[in-house]
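[1] What shape does this take:
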Amino acid sequence: MVVKGWPRLSETFIAQELVALEDAGLALEIWSLRHPTDRKTHPLHDRLRAPVRYLPEYLKDEPWRVLRGVLHALRRPGFAAAWRCFRKDYARDRTPNRLRRFGQACVLARELPADAPGLYAHFLHTPASVARYTAILRGMPWSFSAHAKDIWTSPEWELREKLDPQSFGAAFGATCTGFGAQYLQSLADTPARVDLVYHGLDLTRFPEPPARRPRAPGDPLALMSVGRMVEKKGFDRLIEAFALLPATLDWHWTHIGGGALKVELQALATARGVASRITWRGPCDQPEVIETMRASDLFVLPSRVAADGDRDGLPNVLMEAASQRLAILSTPVSAIPEFIENGTHGVLSDDAPASLAREIEVLAADPQHAARMAEAAHARLTAEFQMAPGIAHLTRRLRGMVRRAA
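    Here you go, the predicted structure:
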């Protein structure tokens, strides 16, 4: 398993999947391109039995390890093909990151166990490139799971070649939204190369939803959001929306997550006069997230398409909110409507501050309607978005890839 970083609080969907694949009987080994930066971990991370190895995050940090990898690669039968593939990629992407991918692949090709039967990369950009170069060097199959940013910010030529067996493409790929699957299938040599596999939730890891009662008179409306403070999450527009709420509505917003825009968002809240109504929790583990969901009235995720094309897929956190029968306000970006039908399972607004403010007011004024939508989202989650079917499918795909290679 080639991953971008391990462990990462923002990627519970990966931890959930790997633990489930182990439980299904697959023997895994994790190779991470980066060292962890989060101070906390989820309980899920502790359940994983797979050994974790770290590749040189920057080639200059471990020059002798990289040199041994390159010398070993030069002696492999697959080196000429891997070098041609890399040179073709580098001609179109002359970046330090591209060089680092090939160096990491040389290290991985040398250090992988001799009997490793195949590679599976989470994310179709950097991790998949390292897996692809390694697979060519070692003469082994590889596959991938694609999510959101890796699909929408990667150049089309790279996606096409990673999906083309004539260009050492993947044996198969999985992606977690119908929106993403349709796009990748249109680029592949055959649509059957890309499967739609929703992450879903393992509901055995979550408590039963609380018995929710209407908000007591005088209690503030408890809003919450979970997500990194980056452009595609839309939290700047949510803060602008808070400034438009009427003075008669008492509210408080709790944000969970880290991110590069923390200083800017906190400054915006101060400038708009709403800072006193906001609690910035920072990164939290999953039990802390669920505890906050159980104490909240409305979950808000105002996702949007960032300037560079980055966007959410189907955020697992929406399903986590539904697991606790928490009413949801979001936007119809990417695959969010695949889970939330507007007016039935939650509210999908455009991301204009005035629109978000209006929907918050409406939901605050009609808690019974909010509760009915939360109940419908919980019912849909349990009926259509549980984890087990996707894990069974991935297990069959991975075993089939290894069996064909053998």
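[2] what about the protein, any weak spots by pLDDT?
    Within the chain, no range satisfies pLDDT under 70.
[3] quick one: furthest residue from the center of it?
    residue 217 (38.3 Å; C-alpha atoms, centre = their mean).
[4] That one and residue 367, how far apart?
    12 Å (C-beta to C-beta, to the nearest Å). Yep, even glycine has a C-beta here, placed from its N, CA and C like the rest.
[5] OK, contacts around the closest residue to residue 335 other than its chain neighbours?
    The shortest distance from residue 335 to any residue other than its chain neighbours is 3.2 Å, reached at residue 177 (C-beta to C-beta, 6 or more residues apart in numbering). Going by C-beta atoms under 8 Å, 6 or more residues apart in numbering, residue 177 touches 148, 196, 198, 313-314, 334-335, 338.
[6] Inside strands: which ones of the residues you listed?
    residue 196 (DSSP state E).
[7] Can you pull the phi and psi angles for the residue farthest from the centre of the chain?
    Dihedral angles phi and psi of residue 217 (degrees, to the nearest 10) take the values phi -60, psi 130.
[8] And residue 302, by the same measure?
    According to degrees, to the nearest 10, residue 302 has phi -90, psi 60.
[9] Which parts of the stretch 301-406 of the chain are helices?
    Along the stretch 301-406 of the chain, counting by DSSP state H, counting those that start in this stretch, helices occupy 316-323, 353-365, 367-384, 388-405.
[10] Turn these into JSON lines, columns for distance to residue 241 and mean neighbour count.
    JSON lines is the format used below for these (distance: least, C-beta to C-beta, whole Å; neighbours: other C-beta atoms under 10 Å):
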{"stretch": "helix 316-323", "distance to residue 241": "18", "mean neighbour count": "24"}
{"stretch": "helix 353-365", "distance to residue 241": "4", "mean neighbour count": "18"}
{"stretch": "helix 367-384", "distance to residue 241": "17", "mean neighbour count": "17"}
{"stretch": "helix 388-405", "distance to residue 241": "34", "mean neighbour count": "16"}
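[11] Of those helices, which is nearest residue 42?
    helix 316-323 (11.8 Å; C-beta to C-beta).
[12] Next, the angle helix 367-384 makes with the closest one.
    Helix 316-323 runs at 110 degrees relative to helix 367-384, counting by axes from the mean of the first three to the mean of the last three C-alpha atoms, to 10 degrees.
[13] which other helices and strands contact helix 316-323?
    Applying 3 or more C-beta pairs under 8 Å, 6 or more residues apart in numbering; DSSP states H and E, one finds that helix 316-323 contacts helix 286-294, strand 298-301, strand 327-330, helix 367-384.
[14] now the second one: how far from the chain's centre is it?
    Going back to what we said before, that points to strand 298-301. 18 Å (C-alpha atoms, centre = their mean, to the nearest Å).
[15] Make sure residue 324 is actually in contact with residue 209.
    Yes. Using C-beta atoms under 8 Å, residue 324 makes contact with residue 209 at a distance of 4.7 Å.
[16] Now do the shared contacts for those two.
    residue 294.
[17] before we move on, the earlier item: could you dump the contacts of residue 177 into CSV with neighbour count and distance to residue 97 added?
    Output for the contacts of residue 177, formatted as CSV (neighbours: other C-beta atoms under 10 Å; distance: C-beta to C-beta, whole Å):
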residue, neighbour count, distance to residue 97
148, 24, 19
196, 19, 29
198, 25, 30
313, 26, 22
314, 27, 27
334, 23, 25
335, 23, 27
338, 17, 31
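[18] Could I get the contacts of residue 177 in CSV, plus columns for distance to residue 2?
    Below are these laid out as CSV (distance: C-beta to C-beta, whole Å):
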residue, distance to residue 2
148, 18
196, 22
198, 22
313, 19
314, 23
334, 24
335, 24
338, 27
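[19] Looking at residue 324 and residue 209, which one has more neighbours?
    Higher neighbour count among residue 324 and residue 209: residue 324, with 23 against 16, using other C-beta atoms under 10 Å.
[20] quick one: the residue nearest to residue 355 when sequence neighbours are not counted from residue 241, how far?
    Excluding its sequence neighbours, the residue lying closest to residue 355 (C-beta to C-beta, 6+ apart) is residue 349, at 4.8 Å. Applying C-beta to C-beta, the value for residue 349 to residue 241 is 9 Å.
[21] Much appreciated, bye for now.
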